[in-house]
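Student: Have a look at this prediction, sequence included:
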Amino acid sequence: MEGMCRISILLYLLVLANFGSVWAHGNGFGEQPLSKIAIHKATFALRDSASVNAYPTLLGLKGEDTQWVTVALEHNEPAADDWVAVFSPAKFNSSTCPPVNDPKEQTPYICSAPIKYKYANESNSHYTKTGKASLRFQLINQRADFSFALFSGGLSNPKVVAVSNFISFVNPKAPLYPRLAQGKSWDEMTVTWTSGYNIDETVPFVEWGLKGENQVRSPAGTLTFGRHSMCGSPARTVGWRDPGFIHTSFLKDLWPNKVYTYKMGHLLSNGTYIWSKMYSFKSSPYPGQDSLQRVIMFGDMGKAERDGSNEYSNYQPGSLNTTDQLIRDLPNIDIVFHIGDITYANGYLSQWDQFTSQVEPIASTVPYMVASGNHERDWPNSGSFYDKTDSGGECGVLAETMYYVPAENRAKFWYSTDYGMFHFCIADSEHDWREGSEQYRFIEKCLASVDRQKQPWLIFAAHRVLGYSSDYWYGQEGSFEEPMGRESLQKLWQKYKVDIAFYGHVHNYERTCPIYQNQCVKTGTSHYSGVVNGTIHVVVGGAGSHLSEFSQVRPKWSVYRDYDWGFVKMTAFNHSSLLFEYKKSRDGNVYDSFTISRDYRDVLACVPDGCEPSTLAS
């Protein structure tokens, strides 16, 4: 085991030196699978004796945005490290290649990373003997055509020996992958989607209305960005891919708790319409409304490929399990919070399309609220609180454009939102949160603004652990928190009586007792009633990415720890009763739970360092 760890660290350092796109995490090492490919070294070595054929050549004939493709390949000099890459656009882009003055190398060089890859022998163990194999890839509509290339030389010295025919979707520009989000008021829903249509080609809008009744149209705004909006490599170089156009429409004046149907539309200049599929959602309850309300919380999910290509089962191994469990339980979910480390694209922009496709069944049906994590934001000299390269050069641009959040300024990714009896304060741990900072003032305003008689359940969330975690690396530091994490914020949590604080970043699950200043302030583990006296802190960063080890020291405040993938579901039955459940992604079963029962007077009651001043004057 010790030898394996040493090898892993050496590999990490090697990739970091060569490609500059490795992501580092406080709890272990990992890397974006596409960064393993030395694509900047790739050259053409085409051979008549090798071939790659892909079919069907035309996809989406029945309106599909996802389709399986078969790739048949032959190679008269097969090797175990031969691999097949999917490129989109189909014509390889050499515009970002650095100058190479080596007459022995054939140009042009290939400088755009593929969107995914498989080893040629994946489905045929006899490939190295026969030189023949047939692979299956699942493709999604990503606004461009596709081609497949067979490489020899492994990932470190890739040479193209054969290129396939081009294939494409019938309409590669179609509006796709809607993402719902709460607007800035409780009765507003936003719809964000991706298409290949700019505003000089079409007018984007959403047609929507109460289910079964007349539909109306709301206009959409359109955003995009260019290569030079990226802060560094690989986002600016080999990982760059045209993001298309991101449209957002605001559906306003919704009736509470009603089912609405909607579809995205684009009006072409010739008067014809391009339509998406039809979707539906249930509008939010009125703030304070007494009804059954169910909230999902998790962080660090990322994406995986259902066809087994590049990162399946080794980079974000729990991602599809979490996604699929949420899809199965979707009729019993009202809103989802994904608190940072969304895609782990790390500068390979094609991954964002793949992620939005993966979560489409969820995000098109319930609000999918996101927070900023280190893999979305961090880049040196970009204004992030951490001078790290975890975003792969994205420096927040992708997250801030691809997803809507009701922030005053999406570059400062903090916001508040309401859902019935819940009030949420979502912080941005990649910007300064300490006392005196702009974000600190927002957090206090957000916590202070809630009327606890109407919205008794007050929730704080951030990506990094600003509260408590007995993760191995935090234990090594001796603080069991992000450095400077709770020093400024704990007096706000206590003063405003935050019920639960959620975090990601650490890839496991852990729940504390109700705690204040490192001390449990309430007994019990499964039920809390009356005055709770402190905040329960929950790490729920095990939604998909590689797992994080716990410290061998288990603090007294740690009630439950789990080294597995999972997510949290909160159910508010009424103003006095809340159920908290931790579910494993592997089976959807509950492995940890507790309930809170209390009256409004319990929320008003004095707690340590949380009493309003009083006077004996009459």
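Tutor: Great, that's in hand.

Student: The stretch 351-500 of the chain: helices as residue ranges?
Tutor: Taking DSSP state H, counting those that start in this stretch to define them, one finds helices in the stretch 351-500 of the chain at 360-363, 374-377, 397-402, 438-448, 472-477, 490-495.

Student: Specify the stretch among the ones you listed that is closest to residue 52.
Tutor: helix 360-363 (29.5 Å; C-beta to C-beta). Backbone N, C-alpha and C define where each C-beta goes, glycine included.

Student: before we move on, back to that, quick one: the helices of the stretch 351-500 of the chain as CSV, columns for mean neighbour count and mean pLDDT too.
Tutor: CSV is the format used below for those (neighbours: other C-beta atoms under 10 Å; pLDDT from 0 to 100):
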stretch, mean neighbour count, mean pLDDT
helix 360-363, 21, 98
helix 374-377, 30, 97
helix 397-402, 23, 98
helix 438-448, 17, 98
helix 472-477, 16, 91
helix 490-495, 20, 97
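
Student: Of those, give the one that comes closest to residue 340.
Tutor: Nearest of the helices of the stretch 351-500 of the chain (C-beta to C-beta): helix 374-377, 6.8 Å.

Student: pretty sure residue 52 contacts residue 167?
Tutor: No: the pair residue 52 and residue 167 fails to qualify as a contact (C-beta atoms under 8 Å) at a distance of 11.5 Å.

Student: and of the helices of the stretch 351-500 of the chain, who's closest to residue 507?
Tutor: Across the helices of the stretch 351-500 of the chain, closest to residue 507 is helix 472-477 (C-beta to C-beta), at 10.9 Å.

Student: Other residues contacting the closest one?
Tutor: Outside helix 472-477, the residues that touch it by C-beta atoms under 8 Å, 6 or more residues apart in numbering are 26-27, 465, 480-483, 506, 548-553.

Student: quick one: the closest residue to residue 433 other than its chain neighbours from residue 567, how far?
Tutor: Among residues not flanking residue 433 along the chain, residue 439 sits closest, at 4.9 Å (C-beta to C-beta, 6 or more residues apart in numbering). Noted for residue 439: a distance of 26 Å to residue 567, by C-beta to C-beta, to the nearest Å.

Student: Please identify the helix or strand for residue 260.
Tutor: strand 259-268 (DSSP states H and E).

Student: Quick one: name whatever helix or strand follows that strand.
Tutor: strand 273-275.

Student: who does that following strand touch, helix- and strand-wise?
Tutor: Counting contacts by 3 or more C-beta pairs under 8 Å, 6 or more residues apart in numbering; DSSP states H and E, strand 273-275 packs against strand 259-268.

Student: Neighbouring strands of the strand it packs on in the sheet, and parallel or not?
Tutor: strand 202-210 (antiparallel), strand 273-275 (antiparallel), strand 279-282 (antiparallel) (DSSP bridges).

Student: Residue 81 - how many residues pack around it?
Tutor: If you count neighbours by other C-beta atoms under 10 Å, residue 81 ends up with 16.

Student: what's the nearest residue to it if we skip its chain neighbours?
Tutor: residue 154 (3.7 Å).

Student: Distance check, the one you found against residue 86.
Tutor: 17 Å.

Student: can you check residue 335 too?
Tutor: 34 Å.

Student: Next: residue 220.
Tutor: Counting by C-beta to C-beta, the gap from residue 220 to residue 86 is 30 Å.

Student: likewise residue 56?
Tutor: 15 Å.

Student: Likewise for residue 332?
Tutor: 36 Å.

Student: Neighbour count: these two, which is higher?
Tutor: For residue 332 and residue 86, the more surrounded residue by other C-beta under 10 Å is residue 86, and the numbers stand at 26 against 11.

Student: could you say what helices and strands the helix or strand that one falls within packs with?
Tutor: Using DSSP H and E, residue 86 maps to strand 83-87. Where contact means 3+ C-beta pairs under 8 Å, 6+ apart, strand 83-87 is packed against strand 116-119, strand 132-140, strand 147-152.

Student: which residues touch the helix or strand just after the first one?
Tutor: Note on strand 116-119: by DSSP H and E, the next helix or strand toward the C-terminus is helix 127-130. By C-beta under 8 Å, 6+ apart, the list of residues contacting helix 127-130 from outside reads 78-80, 82, 120-121, 124, 133.

Student: so for stretch 230-248, what's the average pLDDT?
Tutor: Averaging pLDDT along stretch 230-248 gives 95.

Student: How about stretch 540-557, which residues are buried there?
Tutor: 540-548, 550-551, 555, 557 (16 or more other C-beta atoms under 10 Å).

Student: Quick one: end-to-end length of it, please.
Tutor: When the termini of stretch 540-557 are compared using C-alpha to C-alpha, to the nearest Å, they are 16 Å apart.

Student: what does stretch 463-479 give?
Tutor: Terminal-residue distance, stretch 463-479 (C-alpha to C-alpha): 17 Å.

Student: Off-centre distance for it?
Tutor: 22 Å (C-alpha atoms, centre = their mean, to the nearest Å).

Student: So for stretch 61-78, mean pLDDT?
Tutor: 95.

Student: start to end distance for it?
Tutor: So stretch 61-78: terminal residues 35 Å apart, C-alpha to C-alpha.

Student: How about stretch 221-241?
Tutor: Start-to-end, stretch 221-241 (C-alpha to C-alpha) is 22 Å.

Student: show me the contacts for the nearest residue to residue 115 once chain neighbours are set aside.
Tutor: Of all residues not flanking residue 115 in the chain, residue 350 sits nearest, at 4.0 Å (C-beta to C-beta, 6+ apart). The neighbourhood of residue 350, defined by C-beta under 8 Å, 6+ apart, consists of 88, 113, 115-116, 142, 241.

Student: let's see it at 10 Å
Tutor: Residues near residue 350 by C-beta atoms under 10 Å, 6 or more residues apart in numbering: 34, 86-88, 112-116, 140, 142, 144, 239-243.

Student: Also residue 205?
Tutor: Contacts of residue 205 (C-beta under 10 Å, 6+ apart): 216-220, 247, 249, 263-267, 273.

Student: Show me which of those are buried.
Tutor: 220, 247, 249, 263-267.

Student: Include distance to residue 192 when you put those into CSV, please.
Tutor: Compiled in CSV, the buried ones among the contacts of residue 205 are given as follows (distance: C-beta to C-beta, whole Å):
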residue, distance to residue 192
220, 9
247, 7
249, 8
263, 14
264, 10
265, 15
266, 15
267, 19
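
Student: For residue 448, state which of these is nearest.
Tutor: residue 249 (32.1 Å).

Student: Correct me if wrong: that closest one contacts residue 203.
Tutor: No: if you go by C-beta atoms under 10 Å, residue 249 and residue 203 don't touch, sitting 11.5 Å apart.

Student: just to revisit the earlier point, any residues in contact with both of residue 52 and residue 167?
Tutor: 71, 147-148.
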